[in-house]
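1. how would this look folded up:
(one chain, ligands or ions: 1)
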Amino acid sequence: MAKIAFLGAGKMARGIILRFLSAGHAVAVYNRTTEKTVPLKEAGATVALTPRAAAEGADAVFSSVLDDAASRLVWTGPDGALSANLSPSTFIIECSTLSHDWVVELARIVAARGLRYIDCPVAGRPDAAAAGQLNLFIGAKGTDLEAARPLFEPIRKNIFHFGPAGTGTAFKLIYNLMGATQVAALAEAMLAAEAVGIDLHVAAQAFSGGMTGSPHVISHSAVMAEGKRGQAIAFAGRNRLKDSLYGVRLAEKFHRQSVLGNATVHVFEQMVNQGMGDCNDSELIDALRAIAGVPRPPEPSQK
Ligand SMILES: NC(=O)c1ccc[n+]([C@@H]2O[C@H](COP(=O)([O-])OP(=O)(O)OC[C@H]3O[C@@H](n4cnc5c(N)ncnc54)[C@H](OP(=O)(O)O)[C@@H]3O)[C@@H](O)[C@H]2O)c1
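-> All right, here's what the predicted structure looks like:
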């Protein structure tokens, strides 16, 4: 069994850590807000007060934190994990959704330290993390992936290997931008249907049952039609904006235009600017209603 360090105890990290513990691994967890580690300690994890303390002597150090700034801090900050005593066989595995620029830089820093870097952003919601059903988008040397493969067993549904470090993140950003664009297009289409007086429940069924019916459209059209707000956050508007900005920047870095990506950034920016950044992405429809000067329909309990 491996000695795993985990940086982060957010929605995704929690499920992944519990899967590692159930598989019999020893897990040392660090989180900026220590209170969030309490349930993990009760489940058998050790709690460390710095990323460095968590990483000391680990076989593999994983991270699942919010964004570039958080990742930079937990890896390379004053008490960062990369300042710990680590053997050259240690895997450094970044699971957060980050910018391509930062991930490529991190991979370089890790290689210069003589450690093995694996780019491992994940696809799947927190419930998929808790069920060990994540799709892993790997960018790494083939030999490093093969050596690390057993570590991924408790958390993976599928493993996709795209190429060297950075390619996992590149694909994740392309994938998430496509997903965000679908949510944005759906919110606009539902609002157009509403404007001409179509019942949104009927619209949701028709979108879901036809060629438009991607998993995003099926799940989000039902929630938009129902008009429920303030549900447990699956994917916040703020995170949609973060991922879409990183995605558009990636396209520009490789000299490709991202017309739809920029439009998607624009609508999620409007959602965040309206103070709705912590709302579910499905509530984008309310942000678009506000811009159009259309009142929100009442929630189901108030109808
Ligand atoms: N939720 C999803 O459906 C989903 C799916 C796939 C991938 N992802 C990606 O997975 C990563 C984690 O997402 P999540 O949903 O688990 O987010 P989350 O629940 O909001 O957790 C964010 C984590 O990042 C830490 N953090 C934030 N800012 C920090 C900073 N400046 N310094 C140090 N730590 C900081 C938080 O610490 P505190 O507890 O102290 O705030 C927490 O541990 C993100 O990159 C996200 O894009 C999410």
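2. can you tell if the one helix or strand His161 maps to touches the ligand?
-> In the assignment (DSSP states H and E), His161 maps to strand 156-163. No. Counting by C-beta under 6 Å from any ligand atom, the ligand is not contacted by strand 156-163; separation bottoms out at 12.7 Å. Where C-beta positions appear, they are placed from N, C-alpha and C, glycine not excepted.
3. each with direction, which strands does that strand pair with?
-> strand 134-139 (parallel) (DSSP bridges).
4. helices and strands around whichever helix or strand comes after the partner strand, which ones?
-> Counting by DSSP H and E, the next helix or strand C-terminal to strand 134-139 is helix 142-152. The contact analysis (3 or more C-beta pairs under 8 Å, 6 or more residues apart in numbering; DSSP states H and E) places helix 142-152 against strand 91-94, strand 116-119, strand 156-163.
5. in CSV, list those strands along with mean neighbour count.
-> Below are the helices and strands packed on helix 142-152 laid out as CSV (neighbours: other C-beta atoms under 10 Å):
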stretch, mean neighbour count
strand 91-94, 26
strand 116-119, 26
strand 156-163, 15
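6. please convert the ones you listed to CSV, extending it with mean pLDDT.
-> What follows is the helices and strands packed on helix 142-152, written out as CSV (pLDDT from 0 to 100):
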stretch, mean pLDDT
strand 91-94, 98
strand 116-119, 98
strand 156-163, 98
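7. adding distance to His25, write those out as TSV.
-> Below are the helices and strands packed on helix 142-152 laid out as TSV (distance: least, C-beta to C-beta, whole Å):
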stretch	distance to His25
strand 91-94	13
strand 116-119	16
strand 156-163	14
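8. which bits of the stretch 151-300 of the chain sit near the ligand?
-> 234-235, 239.
9. which among the helices and strands packed on helix 142-152 is found nearest to Val272?
-> strand 91-94 (24.8 Å; C-beta to C-beta).
10. contact partners for Glu269?
-> Leu241 (C-beta atoms under 8 Å, 6 or more residues apart in numbering).
11. returning to what we had before: which of the helices and strands packed on helix 142-152 sits closest to Gly44?
-> Closest among the helices and strands packed on helix 142-152, using C-beta to C-beta: strand 91-94, at 20.4 Å.
12. C-terminal to the closest one, what's the next element?
-> Next helix or strand after strand 91-94 toward the C-terminus (DSSP H and E): helix 100-112.
13. what comes up buried for that next one?
-> Within helix 100-112, the residues scored as buried using 16 or more other C-beta atoms under 10 Å are 100, 102-104, 106-107, 109-110.
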